[in-house]
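**Student:** Only the shape, not the letters, is given here:
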């Protein structure tokens, strides 16, 4: 399974490129990439090549700029021979390879395996996708539609309730850092002296 780390967002709420946020293991994007190599190859989904140091990991450049995370699925299956991908965001610093392996094991013959959270919503940005979803994804992109949730409505999806995973704290694993305040909370939770309120970030 290939891990595809989404880095193409505009980071408007964060105020700086989230791929470059610091962690105790270096830039968040590279720390995630190194962690997920235990699953197989890792690539960055990017809006443009060379935006940040990629550590030698391949870049999958958006075929349809501005169309969001759906680009990561399309580029992964269009530009590589991967049959399965884990799609995850660069702003999910606590992502778990073990949880990803469990999703892969549960996908069966479906085109995607997605967690349904306790609040009732699906989590499409830490999910496993099979190559069989490519046709649907391509059709949406060609027609100017970029909703990943709409894609999930039109492919076969294995939904896994969050309650099935009591051994993992999914609130932490799927924590999404979208704002400086969230990044500050992450730094405090991990006892990291990386955040500066005066300059936003060091």
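**Tutor:** Structure's in. What do you need? The shown structure was predicted, so the numbers you read here are calculated from the model rather than taken from an experiment.
**Student:** Mind checking what helix or strand follows the strand or helix carrying residue 88 in sequence?
**Tutor:** Residue 88 belongs to strand 84-89 when assigned by DSSP states H and E. On the C-terminal side of strand 84-89, the closest following helix or strand by DSSP H and E is helix 97-106.
**Student:** List the buried residues in the following helix or strand past that following helix.
**Tutor:** Once helix 97-106 ends, the next helix or strand along the chain (criterion: DSSP H and E) is strand 112-116. Residues 112-116 are the ones in strand 112-116 that count as buried (16 or more other Cβ atoms under 10 Å). The way it works is simple: take the backbone N, C-alpha and C, and place the C-beta from them, glycine included.
**Student:** again, but for stretch 144-157
**Tutor:** Those would be 146, 148, 151-152, 155, 157, for stretch 144-157 by 16+ other Cβ under 10 Å.
**Student:** Among those, show me the least confident.
**Tutor:** pLDDT across those is lowest for residue 146, at 91.
**Student:** so how far is residue 72 from it?
**Tutor:** 11 Å (Cβ to Cβ, to the nearest Å).
**Student:** Could you do residue 191 as well?
**Tutor:** Distance from residue 191 to residue 72, by Cβ to Cβ: 32 Å.
**Student:** Same question for residue 164.
**Tutor:** Relative to residue 72, residue 164 is positioned 25 Å away (Cβ to Cβ).
**Student:** ok, back up a step: out of the buried residues of strand 112-116, give me the two with the largest separation.
**Tutor:** Spatially, the most separated pair among the buried residues of strand 112-116 is 112 and 116, at 12.1 Å (Cβ to Cβ).
**Student:** higher neighbour count, residue 191 and residue 72?
**Tutor:** More neighbours surround residue 72 than the other of residue 191 and residue 72, with 28 against 7 (other Cβ atoms under 10 Å).
**Student:** where in the chain is pLDDT low?
**Tutor:** Across the chain, the ranges flagged by pLDDT under 70 are 9-11, 13, 15, 194-202.
**Student:** In it, mark out all the strands, start to finish.
**Tutor:** For the chain, the strands defined by DSSP state E cover 2-6, 22-23, 26-27, 42-46, 59-61, 84-89, 112-116, 122-130, 157-161, 195-196, 200-201.
**Student:** Dump those strands into CSV; add distance to residue 96 as well.
**Tutor:** Below are these laid out as CSV (distance: least, Cβ to Cβ, whole Å):
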stretch, distance to residue 96
strand 2-6, 12
strand 22-23, 15
strand 26-27, 19
strand 42-46, 15
strand 59-61, 22
strand 84-89, 10
strand 112-116, 12
strand 122-130, 9
strand 157-161, 14
strand 195-196, 24
strand 200-201, 25
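**Student:** Fine, thanks again, bye for now.
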